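Student: whatever this is, show me its structure:
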Amino acid sequence: MKKKYKKIKERLQIKQKSNTVREQLILEKTYIQKNNKYLVGNISVYIGDVRKALLKIPEGVVDCVITSPPYWKQRDYKHPGQIGQENSYIGYINRLVGVFKEVKRVLKSTGTFFLNIGYKYQYKELLLIPELLALEIQKIGFTLLNKIIWYKPNAMPSSIHNRLSNVYEPVFLFVKEESKYNYYLSLDELRLPISSFSNNKKLEEIIGFEVINSLIRGKNIKGVVTKIFRNTKDNNIFVQVEWINRINTYEIVQDFDKESQIEIKLICQECGRTLAHEIDIHSHNKCSGFPKPILPIKPYSNDKVEIKSSFLFPGITSHRNYDGKYKVSPSNRGASPGARKSLFGEYLVLQRRYKIFQPIIADYLRFWKIKKEITIKEIDKLFGYKDTAGHWFRKDTGSWGRGGSIPLPDDWFRLKEVLKFDDIYDRWITETHLVLQTVKPHPKGKNPGDVWSIKLKQNPFAHFATFPEELVNRCIEAGCPKDGLVLDPFAGSGTTGKVAQDLGRNSILIELVPEYLDIIKKRCKNVKEVIYVK
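Tutor: Numbering: from 1, shown residues only. Presented below is the predicted three-dimensional model:
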């Protein structure tokens, strides 16, 4: 057996915590380095009590937790330290909550926590153990984002004749309460293709459309599209807008079938690292200077050819003849795009062209404010504002909401005059385009929703309590960055580690029962380290 697994490093840890400098450095090398390709897909396995093992993991290094702990009174693993054989389900819940307190400690502020747990019956009564556990987890500082229903289309047939068969289990998605406005979750990895909806609107149809400029403080300025042009150099579309003050401007129009704002990346001018998501900022705080946005070529408004309308009455989008249910109570339309279109027709809105990482802008403005030796109150006074400028310098995400904001384009240029900063972010902050407000699907596909139909699959290694790889796959793709670290504190046969490895993520598996280590080794090819916890 030793020959077969001679490449796996095994060590024994008796201390409750890894406090020594040497051990801490080993852990940081294993779990925190992101640029070493050799580590991608590596698996570390801890054998022993889950709480003792969690104490050996540094604080805030895990990107995504995916686990399915033993169900109450489901199976006896014949181990004195097991969870699941408590005398009462309340005791069972309390023990799990103790584990998840440590899970919260090792999870990054931007991390996600997927928890699968099943229902049980006692004296003919359905026990809402999953929901009761979720409530207790919320009390220790987690926010519940979703209760995902895992529907099992091939659930095991039941001989029960006096109630319905159970064919689903919940999967709870948690994030840290203090970070519920700033966490990593990439729904784009899960989106479903759309085939029943297409936007066939032609460009010339928007002649006569109303335009709203909402990027002016305190008011919305309205205008009308009077002409459409295609630029001959870069093929961008521009329109001429006649505003209510009789001033004409040329505005670029975003493609009707694309997202309203363009996603961009930033590059660190010191280390060369690329920042593709706002959460990347958290792991990139040692370099001096500010990352530079990688923007497309600036659109040309010259060299344009007018596109003539073929419609006799272009731009007729009035809702005045609308006689539907929202006419009587338009305030009840909520967020329904269909209701908005019925009431207000289609129109164009002037928006920022790019998605902006607000914390970077806050740090940038803080730097120049300190350099200029000016206070926020002085800036407010110069601008004629009250308690406004302070939000531009904030990047907090308290439990009540996001405190920081991005200066409007006009305010940005006024700030530039006051703080004398450079032009590295001018285009990123101030460039705008027109976005069509209509009913349309997300250009990357449909939100998958919170009901997942995933078939059970037999485990060839005969471990009884496994959840399907497809379920874990979805959780990792959505909840863990591509160079992230996954943790399963109740590893069992190692499904989470196998899927993480296949997706190129590092992982930590914790398992109480030593006998399952052999199954983990067979299923997971990249086990690099086994730590026995005493």
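Student: how about the contacts made by residue 304?
Tutor: With contact taken as C-beta atoms under 8 Å, 6 or more residues apart in numbering, residue 304 is in contact with 229-232, 238. Just so you know, the C-beta spots here come from the backbone N, C-alpha and C atoms, and that holds for glycine as well.
Student: so which of those residues wins on neighbours?
Tutor: Ranked by neighbour count (other C-beta atoms under 10 Å), those have residue 238 at the top, with 24 neighbours.
Student: pretty sure that residue sits in a helix.
Tutor: No - if the criterion is DSSP: H, G, I helix; E, B strand; the rest coil, then residue 238 is strand and not within a helix.
Student: does it touch residue 231 like I think?
Tutor: Yes - contact criterion C-beta atoms under 8 Å: residue 238 and residue 231 qualify, at 6.5 Å.
Student: quick one: common contacting residues for those two?
Tutor: Common contacts of residue 238 and residue 231 (C-beta under 8 Å, 6+ apart): 299, 301, 304.
Student: single out whichever of these has the smallest pLDDT.
Tutor: Comparing pLDDT over those singles out residue 301 as the least confident position, at 72.
Student: what about the strands in the stretch 201-350 of the chain?
Tutor: Taking DSSP state E, counting those that start in this stretch as the criterion, the stretch 201-350 of the chain carries its strands at 210-216, 219-231, 237-243, 248-252, 265-267, 274-275, 292-294, 304-306, 347-352.
Student: which other helices and strands does the very next helix or strand once past the last one contact?
Tutor: This means strand 347-352. Past strand 347-352, further along toward the C-terminus, the next helix or strand under DSSP states H and E is helix 358-372. Contact here means 3 or more C-beta pairs under 8 Å, 6 or more residues apart in numbering; DSSP states H and E; on that basis helix 358-372 packs against helix 409-419.
Student: list the buried residues for the next helix or strand after the helix it packs on?
Tutor: Past helix 409-419, further along toward the C-terminus, the next helix or strand under DSSP H and E is helix 426-430. Of the residues in helix 426-430, 428-430 count as buried by neighbour count, 16 or more other C-beta atoms under 10 Å.
Student: quick one: buried residues of stretch 366-379?
Tutor: Residues 368-369, 376, 379 are the ones in stretch 366-379 that count as buried (16+ other C-beta under 10 Å).
Student: my bad, stretch 466-477
Tutor: 466-469, 471-477.
Student: need the max-distance pair from those residues.
Tutor: Between any two of these, the greatest separation by C-beta to C-beta is 19.1 Å, found for 466 and 477.
Student: ok so, going back, can you redo the strands of the stretch 201-350 of the chain as a markdown table with distance to residue 195?
Tutor: Rendered in a markdown table, the data for the strands of the stretch 201-350 of the chain read as follows (distance: least, C-beta to C-beta, whole Å):
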| stretch | distance to residue 195 |
| --- | --- |
| strand 210-216 | 31 |
| strand 219-231 | 29 |
| strand 237-243 | 26 |
| strand 248-252 | 30 |
| strand 265-267 | 31 |
| strand 274-275 | 34 |
| strand 292-294 | 33 |
| strand 304-306 | 34 |
| strand 347-352 | 27 |
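Student: for residue 496, find the nearest of those.
Tutor: Between residue 496 and the strands of the stretch 201-350 of the chain, the tightest spacing by C-beta to C-beta is seen for strand 274-275, at 27.7 Å.
Student: mind checking how far that closest one is from the chain centre?
Tutor: Relative to its chain's centre, strand 274-275 lies at 16 Å (C-alpha atoms, centre = their mean, to the nearest Å).
Student: that one pairs with which strands?
Tutor: Looking at strand 274-275 with DSSP bridges, its partner strands are strand 265-267 (antiparallel).
Student: tell me the mean pLDDT for the partner strand?
Tutor: Model confidence over strand 265-267 averages 95 on the pLDDT scale.
Student: and for stretch 116-127?
Tutor: When the per-residue pLDDT values of stretch 116-127 are averaged, the result is 95.
Student: again, but for stretch 175-182
Tutor: 90.
Student: can you pull out the low-pLDDT segments for this protein?
Tutor: Under the criterion of pLDDT under 70, the regions of the chain flagged as low confidence span 1-40, 196-200, 310-344, 397-401, 461-465.
Student: quick one, helices of it?
Tutor: Taking DSSP state H as the criterion, the chain contains helices spanning 21-31, 50-54, 89-106, 129-139, 337-344, 358-372, 376-383, 409-419, 426-430, 469-479, 495-502, 516-523.
Student: so which bits of the longest one are buried?
Tutor: Of the residues in helix 89-106, those scored as buried under the neighbour-count criterion (16+ other C-beta under 10 Å) are 89, 92-93, 95-96, 99-100, 102-104, 106.
Student: still on that earlier bit, out of the strands of the stretch 201-350 of the chain, nearest to residue 130?
Tutor: Residue 130 lies closest, by C-beta to C-beta, to one member of the strands of the stretch 201-350 of the chain: strand 274-275, at 37.2 Å.
Student: what domains does the record give for this structure?
Tutor: Here the chain is described, according to automatic domain parsing, as comprising the domains 11-190+447-533, 203-311+344-437.
Student: and the spatially most central residue of the chain, how far from residue 395?
Tutor: Closest to where the C-alpha atoms of the chain average out (C-alpha atoms, centre = their mean) is residue 185, at 2.0 Å. Using C-beta to C-beta, to the nearest Å, one obtains 19 Å as the distance from residue 185 to residue 395.
Student: stretch 153-166: which residues count as buried?
Tutor: Of the residues in stretch 153-166, those scored as buried under the neighbour-count criterion (16+ other C-beta under 10 Å) are residue 166.
Student: list of residues touching that stretch?
Tutor: Stretch 153-166 is contacted by residues 119, 167, 453, 455-456 when judged by C-beta under 8 Å, 6+ apart.
Student: is it possible to mark the buried ones in these?
Tutor: When neighbours are counted using 16+ other C-beta under 10 Å, the contacts of stretch 153-166 contain these buried positions: residue 119.
Student: tabulate the contacts of stretch 153-166 (TSV), appending distance to residue 45.
Tutor: Putting the contacts of stretch 153-166 into TSV (distance: C-beta to C-beta, whole Å) gives the following:
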residue	distance to residue 45
119	30
167	33
453	31
455	28
456	25
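Student: need the max-distance pair from the contacts of stretch 153-166.
Tutor: Farthest-apart pair in the contacts of stretch 153-166 is 119 and 455; separation 19.3 Å (C-beta to C-beta).
Student: okay then, goodbye and thanks.
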